[in-house]
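Asks: pasting a predicted model and its sequence here:
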Amino acid sequence: MRLIFHGAVRTVTGSLHIVEAGGALVYLDCGLFQGAREAALAWNRRLPTPARDVDAVILSHAHLDHCGNLPTLVAGGFRGPIYCTPATRDLTALVLRDAAKVARHDVAIVNRLRRRQGLPAAEPLYGVRDVERTLARLCAVPYGRTFRVGPGAARFVDAGHILGSASVVFEAGGRRLGFTGDLGRPGTAIIRDPDVLPAVDLLVTESTYGDRDHESREHAIDRLASVVGETVARGGRVLIPAFAVGRTQELAYALRALREAGRVPEVPVYVDSPMATDATAIFRRHPEGFGGEARTVLRRRDPFGFRGLRYVRTARESRALVARDEPCVVIATSGMAESGRILAHLERYVGDPRSTLLFVGYQAEHTLGRRLLDGAPEVRIYGEPHHVAIRIARVDAFSAHADRRELLAWIRRIPEVGRAFCVHGDEEPARALARALTGARIPAAVPVVGQGEAV
Ligand SMILES: [Zn+2]
């Protein structure tokens, strides 16, 4: 068996690795590479192998950077199965349909500009039809059940990252490969803790936070409460950019608990994202993925709803919310403030010293979120410069990714790891995790794009 690293190598986006075993070609993930427009488009269009040569895809979870380039593969002629867990199948439908919509919207804006410059119209990466044909290829397999892939056998292990997320165990020719996918944290409110992998000859591990430890969840909840309290006291609003799938539900859950305990003022909380609204409905349909606390709450009532929480669906409602001058909490996509409705909120409130922009997730390099987090005095939103006066706060404990300590602890529980490769992390965190693993007597390295390794 041979493994070739292709995407999410020395970066956190575009997850894709290739497994060759007994003449079969299998993709682990087929994620969208997100970054500077032209470069990202070129990267996403150019798959590492002809699409027709791929026999199957094993998908770790429904985040766009793991599933978002599947329609390109299908449009290119891929006709095999895409294996994933049942909850991932439902969430992937939501994520890919939204991606097609966003692509159409983006290309329309680009084409207005191109027309003015006399250039031919650009095409979106893929359309709704490619997405529907992709969804028809999704094959749901529950955690723990072995399925045949070419000459090999695979199974999913709960990765505890988002609903339906999985680590992958792949065996062929007497050798075993482990792929973490994105690894979650133990002790979160909704999702079950990550399960442990069996002994593997080669481990491909994510390393998003390979050089950092998160604060404790209790501390994070305290900070969330004080950020909301202080901002409301100033008459401002708390803006929280968040991924529609996973983090938004964690936040809704935490705010509900704080409200019930009387620890935050009774101001309205808005989830301004139709996708987050739909994702929350899918969460409600898959309680099998919930851990202890959410499971108990679910028996009594809706863990994601409370009086004062509004899910904002239409664009008109969203515009009204931006214009309304009232203290409130707004959770909106996207998580790194690169696109989505959070931009309209930022356009209006980035210059408002009463308000707070609260980051709850990883902000990749070269994103608007990262620039604001790094303290830029001025930023561009929709192409216009804006002076930054909004207060910036950050709480990492709502992260859906294990931190350095948790990654190491989880990997140490694997009975045996022959060697490891750190992917899905920027250069520094990936190197830091590789050093720590090597120090723990697991030889580890950070691969380069296109690097092949015998398993
Ligand atoms: Zn993820």
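Replies: Sure thing, it's come through. Numbering: from 1, shown residues only.
Asks: now stretch 69-82: mean pLDDT?
Replies: Per-residue pLDDT values over stretch 69-82 give a mean of 97.
Asks: and that stretch, end to end?
Replies: Distance across stretch 69-82, first residue to last, is 12 Å (Cα to Cα, to the nearest Å).
Asks: same deal with stretch 63-82?
Replies: This stretch, stretch 63-82, spans 15 Å end to end (Cα to Cα).
Asks: and it, what's buried?
Replies: Neighbour counts using 16 or more other Cβ atoms under 10 Å place 63-76, 78, 80-82 of stretch 63-82 among the buried residues. (Glycine included, C-beta is placed from N, CA and C.)
Asks: interface residues of the stretch 101-250 of the chain facing the ion?
Replies: Those residues of the stretch 101-250 of the chain that sit near the ion, judged by Cβ under 5 Å from the ion, are residue 182.
Asks: quick check: phi and psi at the residue in the stretch 101-250 of the chain that the ion sits nearest to.
Replies: Closest to the ion within the stretch 101-250 of the chain is residue 182: 3.6 Å, counting by Cβ to the ion. The phi and psi values for residue 182, taken as degrees, to the nearest 10, are phi -90, psi 130.
Asks: can you pull the pLDDT of it?
Replies: At residue 182, the predicted lDDT confidence score is 96.
Asks: now do the contacts for the closest residue to it other than its chain neighbours.
Replies: Nearest residue to residue 182 in three dimensions, chain neighbours excluded: residue 161, at 4.4 Å (Cβ to Cβ, 6 or more residues apart in numbering). Residues counted as contacts of residue 161 (Cβ atoms under 8 Å, 6 or more residues apart in numbering) are 61, 181-184, 191, 194, 246, 400-401.
Asks: try 10 Å this time
Replies: Under the criterion of Cβ atoms under 10 Å, 6 or more residues apart in numbering, the contact partners of residue 161 comprise 60-61, 63, 66, 167, 180-185, 188, 191, 194, 206, 246, 399-402.
Asks: ok, which stretches of the stretch 101-250 of the chain are helices?
Replies: With DSSP state H, counting those that start in this stretch as the criterion, the stretch 101-250 of the chain has helices at 128-135, 217-233, 247-260.
Asks: just name the most buried of these.
Replies: Per-residue neighbour counts averaged over each of these give the maximum for helix 247-260, namely a mean of 22 (mean count of other Cβ atoms under 10 Å).
Asks: so residue 71: helix, strand or coil?
Replies: Secondary structure of residue 71, reduced to three states by DSSP: H, G, I helix; E, B strand; the rest coil: helix.
Asks: check contacts around the residue in the stretch 1-150 of the chain that the ion sits nearest to.
Replies: Sorted by distance to the ion under Cβ to the ion, the residues of the stretch 1-150 of the chain start with residue 63, at 3.5 Å. Going by Cβ under 10 Å, 6+ apart, residue 63 touches 13, 15, 29, 31-32, 88, 91-92, 95, 161-162, 165, 181-182, 243-246, 335, 400.
Asks: swap in residue 29?
Replies: Residue 29 makes contacts with 6-8, 14-17, 57-61, 63, 65-70, 168, 179, 181-182, 424, as judged by Cβ under 10 Å, 6+ apart.
Asks: any idea how far residue 144 lies from residue 399?
Replies: 26 Å (Cβ to Cβ, to the nearest Å).
Asks: who's more crowded, those two?
Replies: When neighbours are counted by other Cβ atoms under 10 Å, residue 399 comes out ahead of the other of residue 144 and residue 399, with 23 against 10.
Asks: hmm, residue 242 and the more buried one touching each other?
Replies: No. Counting by Cβ atoms under 10 Å, residue 242 is not a contact partner of residue 399; they are 11.0 Å apart.
Asks: between these two, what contacts are shared?
Replies: Both residue 399 and residue 242 are contacted by 250, 360-361, under the criterion Cβ under 10 Å, 6+ apart.
Asks: separation between the closest residue to residue 168 other than its chain neighbours and residue 312?
Replies: Setting aside the residues directly before and after it, residue 168 is nearest to residue 179 in space (Cβ to Cβ, 6+ apart), at 4.4 Å. Distance of residue 179 to residue 312, computed by Cβ to Cβ: 37 Å.
Asks: between these two, who's got more neighbours?
Replies: residue 179 (29 against 22).
Asks: wait, doesn't that one sit right on residue 165?
Replies: No. Using Cβ under 10 Å, residue 179 makes no contact with residue 165, being 11.9 Å away.
Asks: where does the chain have low pLDDT?
Replies: Along the chain, the parts satisfying pLDDT under 70 run over 292, 298-300.
Asks: rerun that using 80 as the cut-off
Replies: 35-38, 106, 109-110, 189, 292-305, 364-365, 383, 396-397 (pLDDT under 80).
Asks: centroid-nearest residue for it?
Replies: Of all residues in the chain, the one closest to the mean position by Cα atoms, centre = their mean is residue 63, 4.3 Å from it.
Asks: so how far is residue 259 from that residue?
Replies: In this structure, residue 63 lies at 28 Å from residue 259, with Cβ to Cβ as the measure.
Asks: what's the burial count for residue 115?
Replies: Residue 115 is surrounded by 11 other residues when neighbours are defined as other Cβ under 10 Å.
Asks: ditto for residue 403
Replies: If you count neighbours by other Cβ under 10 Å, residue 403 ends up with 20.
Asks: list the contacts of it.
Replies: Contact partners of residue 403, counting by Cβ under 10 Å, 6+ apart, are 185, 208-215, 396-397, 409.
Asks: bridging residues for it?
Replies: Taking DSSP bridges, one obtains residue 209 as the residues bridged to residue 403.
Asks: and what of residue 57?
Replies: Residue 57 has the following beta-bridge partners by DSSP bridges: residue 27, residue 82.
Asks: pretty sure it contacts residue 80?
Replies: Yes. Under the contact definition of Cβ under 10 Å, residue 57 touches residue 80, with a separation of 7.0 Å.
Asks: can you check which residues contact both of the two?
Replies: Common neighbours of residue 57 and residue 80, using Cβ under 10 Å, 6+ apart, are 26-27, 73-74, 137, 139, 149.
Asks: which one of those sits in the busiest neighbourhood?
Replies: Per-residue neighbour counts (other Cβ under 10 Å) across those peak at residue 27, which has 29 neighbours.
Asks: surely that residue and residue 72 touch.
Replies: No. When contacts are counted by Cβ under 10 Å, residue 27 is not listed as touching residue 72 (11.6 Å).
Asks: so for these two, which residues contact both of them?
Replies: 47, 51, 78.
Asks: against residue 107, how distant is the residue lying closest to the last one once chain neighbours are set aside?
Replies: Just to be clear, that refers to residue 78. Leaving aside its sequence neighbours, residue 78 sits nearest to residue 51 (Cβ to Cβ, 6+ apart; 4.4 Å). To residue 107, residue 51 is 22 Å away according to Cβ to Cβ.
Asks: equivalent analysis for residue 355, please.
Replies: In this structure, residue 355 and residue 107 are 33 Å apart, going by Cβ to Cβ.
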